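>>> model this:
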Amino acid sequence: MLADNIFLKIIDKSIPAKIAYEDDLCLAFHDIRPQAPTHVLIIPKKVICTLDDATEDDEQLLGHLMLVGAKLAKELGLSAGYRLVVNCKEQAGQTVPHIHVHLLGGRDMTWPPG
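The predicted model follows:
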């Protein structure tokens with residue numbers, strides 16, 4: 001299952017992506033099916049299938065993903081507001097078995113989201 005993970009192929013650069021940010025722990029890229037004018041996916045380089053699979057050892061990594069989201073929001077001009085979303089499992093809308101944070105902005109967001 002993980003060998004076919006599209007995010008791993010983006011991390012190893014075997015398929016192209018419009019990279020917004022990269023460091024030793026994570027990579028962020030623009031979503032090819034954006035749900036807002038700005039839609040960036042922030043993924044850890046470590047494979048964690050879902051949020052339910054994260055452990056206490058992943059605490060700093062998960063916090064890092066949030067801080068990268070906030071940094072990117074500033075860099076991408078989302079000063080009016082933005083949303084960071086983590087979907088967990090299929091019923092919640094997770095389609096890739098690799099935890100990821102959606103950075104959404106550039107339009108008014110509604111609540112509840114869906």
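>>> can you list contacts of stretch 56-69?
For stretch 56-69, the external contacting residues (C-beta atoms under 8 Å, 6 or more residues apart in numbering) are 21, 23, 25-26, 28, 40, 42, 44, 46, 48, 54, 82, 84, 101, 103. C-beta here means a position set from N, CA and C on the backbone, and glycine is covered the same way.
>>> per-residue confidence at residue 112?
According to the predicted model, the pLDDT of residue 112 comes to 88.
>>> how close does it get to residue 33?
Noted for residue 112: a distance of 21 Å to residue 33, by C-beta to C-beta, to the nearest Å.
>>> From residue 11, how far out is residue 78?
Residue 78 sits 24 Å away from residue 11 when distances are taken as C-beta to C-beta.
>>> Likewise for residue 71?
Distance of residue 71 to residue 11, computed by C-beta to C-beta: 19 Å.
>>> Just the mean pLDDT for the strand ranked longest in the chain, thanks.
Counting residues, the longest strand in the chain under DSSP state E turns out to be strand 38-44. Across strand 38-44, pLDDT averages out at 98.
>>> That one pairs with which strands, parallel or anti?
Each strand that strand 38-44 pairs with, and the sense of that pairing, follows from DSSP bridges: strand 26-30 (antiparallel), strand 101-105 (antiparallel).
>>> need these in TSV with mean pLDDT, distance to residue 61 and mean neighbour count, can you?
TSV is the format used below for the strands paired with strand 38-44 (pLDDT from 0 to 100; distance: least, C-beta to C-beta, whole Å; neighbours: other C-beta atoms under 10 Å):
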stretch	mean pLDDT	distance to residue 61	mean neighbour count
strand 26-30	98	8	20
strand 101-105	98	11	22
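>>> Now residue 19: closest residue in space that isn't a chain neighbour?
Taking C-beta to C-beta, 6 or more residues apart in numbering, and ignoring the residues beside it in sequence, residue 19 has residue 29 as its nearest neighbour in space, at 5.2 Å.
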